[in-house]
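Engineer: Provided below are the primary sequence and the corresponding predicted coordinates.
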Amino acid sequence: MKNEVDILSVKQRAMKGMAILTLREVLMKGIAFIGQLLLVRLLLPEYFGVFTIISFIINVADIITDLGLTMALIQKKDTPTKKQIATVYYFKLLLSLSVFLLLIFLSRYLPLFYQQLTAQHIVMLQVCLLILLIKPLRTTHVALLERDLQYKKVSSIDLFGMVFYYLSAILFAYLHFGVWSFIIALIIKELIEALVALYYVRWFPDFAFSLSSIKAMTKIGVYFQTGSIFSFIHQSTIPVIAGIKTSTRDVGLLDWSANVASIPRSLSENVGRVSFSSFSRIQEDKFLIAKTIEKSFNYLTVISFFFILVTLGFGHDIVKYILTDKWLPAVPALYWYIGGTFFLNGTASLGHGILAMGKSKALFLLSLFIIPGEWLLSYLLLLKYGYVGIAMGSFFGLAAMFFSYLILCQKYGIYLHVYSLLVSKFYIFLLLLFLTLGLNNVFGHSALDLFLKLFLFSISFCTFYFFYMRKDVPEIISLLKMTIR
């Protein structure tokens, strides 16, 4: 009886967590949309390209300094001791300091790979590396909150960081700081998030360091981290392949396209984030895991379909009238990136379901085949189609990963109804795609026509899905009420 109550409690908290992160994503993407809109009008694509390369190097350093210990901290069945938490914190801090000093030394050699980088850009990178010394405190505290499914507090941390980032970036961009606008804003963001995390989790570790106390976590964390590294590599074709083989302008256009596509992608990743924490609490109930995956995939598909259809149907006009003509060359890449969000809906939940069962090794071995294949394909497509080939490679890579994850789930006893996940949604997509084509034939391509098309499509889309998903409306309303409370 107690086990049933625990499972019900975890399920309710997980669903509430998904609702909270959904609301968080709406708020954050609203802020990001306005912030990006102002930044792309204030700054040139070249500036975005330089910052993309700097961000890539910072992210490489960040992923090296974790070793998967924060994920292992969340996944751990038993409550971690204070000694274990303190060891995780100080171990990450020591690694961060070591990597910080190493990269300060190695940064002078970066122009050998990225010939576009100037001496000033290297200084920007060195300043930006300071965030490596700030992150350990925030990540440890956030891991403790996620372990307890405290997603209201996690969302607040992210929202504070997002608001201060865009306020700072826009201010300094307006003052003509160029790429420095991003660097200063990123440091401010990390400081704010660390302070808010410290406010929510009133804990600062006493000095305690014992690797033996986290030996089991380290073993699990290695696979987690290896999987994270492969996932990071999977998303790094822009700064690596495009960064070396194309101009900073092309890198900026690609990065902007990927960021726009990240609006529905971020929601998928956050649902996966909640799924991992909740699935880790109910690792033995594979039926419940399967049903939760199906339900989250259905909800996410509604959101991703809206963005995919709006982009395919009206993306060119949206970019032209809102972001100016200088960003129009990014539209073809945007089509491919936004299309990949459909497959990402599944990989986020499927992958975290597999991870929560402790099968991180299987995902690692799978990544050994899929990610190098995607990189090779992206490189070949880059040679054939230019920088748009990178976006094409991303689309096919996500599709391959999604179907591979489906097969893995079946292997480990998470049985999903593939027809309802895929085939039925294909017909819905075609129906709504014909609607966008019809609207484009009826209306022209002026700014007023664009507004009318977006308005009519949004109304039609919402009406269609209201009737299609009417049986889920009570649950959606319940989730909204939980979120508000």
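Structural biologist: Ah, there it is.
Engineer: for F51, which non-adjacent residue is spatially closest?
Structural biologist: Closest residue to F51 apart from its sequence neighbours, by Cβ to Cβ, 6 or more residues apart in numbering: F182 at 4.4 Å. Every C-beta, even on glycine, is put in place using the N, C-alpha and C of the backbone.
Engineer: which elements pack onto the helix or strand where the one you found lies?
Structural biologist: Using DSSP states H and E, F182 maps to helix 180-200. Here helix 180-200 touches helix 45-64, helix 119-128, helix 135-147, helix 151-174, going by 3 or more Cβ pairs under 8 Å, 6 or more residues apart in numbering; DSSP states H and E.
Engineer: dump those helices into TSV; add distance to L433 and mean pLDDT as well.
Structural biologist: Below are the helices and strands packed on helix 180-200 laid out as TSV (distance: least, Cβ to Cβ, whole Å; pLDDT from 0 to 100):
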stretch	distance to L433	mean pLDDT
helix 45-64	29	85
helix 119-128	42	91
helix 135-147	37	78
helix 151-174	32	88
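Engineer: dump those to JSON lines, plus distance to T292 and mean neighbour count.
Structural biologist: Below are the helices and strands packed on helix 180-200 laid out as JSON lines (distance: least, Cβ to Cβ, whole Å; neighbours: other Cβ atoms under 10 Å):
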{"stretch": "helix 45-64", "distance to T292": "28", "mean neighbour count": "20"}
{"stretch": "helix 119-128", "distance to T292": "38", "mean neighbour count": "16"}
{"stretch": "helix 135-147", "distance to T292": "17", "mean neighbour count": "22"}
{"stretch": "helix 151-174", "distance to T292": "15", "mean neighbour count": "20"}
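Engineer: okay, now the residue nearest to F51: neighbour count?
Structural biologist: When counting by other Cβ atoms under 10 Å, one arrives at 26 neighbours for F182.
Engineer: and N298, how far is that from P332?
Structural biologist: Going from N298 to P332 by Cβ to Cβ, to the nearest Å gives 30 Å.
Engineer: same thing with T87?
Structural biologist: Here T87 is placed at a distance of 49 Å from P332 (Cβ to Cβ).
Engineer: those two: who's more crowded?
Structural biologist: Just comparing T87 and P332: by other Cβ under 10 Å the higher neighbour count belongs to T87, 23 against 18.
Engineer: next up, identify which helix or strand that one is on.
Structural biologist: helix 82-106.
Engineer: and that helix with helix 135-147, angle?
Structural biologist: Here the directions of helix 82-106 and helix 135-147 differ by 140 degrees (axes from the mean of the first three to the mean of the last three Cα atoms, to 10 degrees).
Engineer: number the residues from 387 up from this point.
Structural biologist: Noted, 387 is the first residue going forward, which turns the last one into helix 468-492.
Engineer: where along the stretch 737-871 of the chain do the helices fall?
Structural biologist: 746-771, 774-797, 804, 810-828, 833-854, 859-870 (DSSP state H, counting those that start in this stretch).
Engineer: name the residues of the second one that are buried.
Structural biologist: Put plainly, it is helix 774-797. For helix 774-797, the neighbour count (16 or more other Cβ atoms under 10 Å) marks 774-788, 790-792, 794-795 as buried.
Engineer: what do you get for the longest one?
Structural biologist: Applying a neighbour-count criterion of 16+ other Cβ under 10 Å, the buried positions in helix 746-771 are 746, 748-750, 752-753, 756-757, 760-761, 763-765, 767-768.
Engineer: tell me what it is packed against?
Structural biologist: Short answer (3+ Cβ pairs under 8 Å, 6+ apart): helix 746-771 packs on helix 601-620, helix 623, helix 727-742, helix 774-797.
Engineer: of the helices and strands packed on helix 566-586, which is nearest F847?
Structural biologist: helix 537-560 (26.3 Å; Cβ to Cβ).
Engineer: with just CA atoms, put the closest one into CSV.
Structural biologist: Extracted in CSV, the C-alpha atoms of helix 537-560 (Å, rounded to 0.1, in the frame of the first residue of the first chain):
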residue,chain,number,x,y,z
TYR,A,537,10.7,22.7,-10.1
LYS,A,538,9.1,26.0,-9.0
LYS,A,539,12.4,26.9,-7.4
VAL,A,540,14.4,25.6,-10.3
SER,A,541,12.3,27.6,-12.7
SER,A,542,12.7,30.7,-10.6
ILE,A,543,16.5,30.4,-10.8
ASP,A,544,16.4,30.0,-14.6
LEU,A,545,14.0,32.9,-15.0
PHE,A,546,16.1,35.3,-12.9
GLY,A,547,19.1,34.3,-15.0
MET,A,548,17.3,34.8,-18.3
VAL,A,549,15.9,38.2,-17.4
PHE,A,550,19.3,39.6,-16.2
TYR,A,551,21.0,38.1,-19.2
TYR,A,552,18.9,39.8,-21.8
LEU,A,553,18.6,43.1,-19.9
SER,A,554,22.4,43.2,-19.7
ALA,A,555,23.0,42.1,-23.3
ILE,A,556,20.6,44.6,-24.8
LEU,A,557,21.9,47.4,-22.7
PHE,A,558,25.5,46.8,-23.7
ALA,A,559,24.6,46.1,-27.3
TYR,A,560,22.8,49.5,-27.4
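Engineer: returning to that earlier point: out of the helices of the stretch 737-871 of the chain, which is closest to C514?
Structural biologist: Shortest separation from C514 across these is recorded for helix 774-797, at 23.7 Å, computed as Cβ to Cβ.
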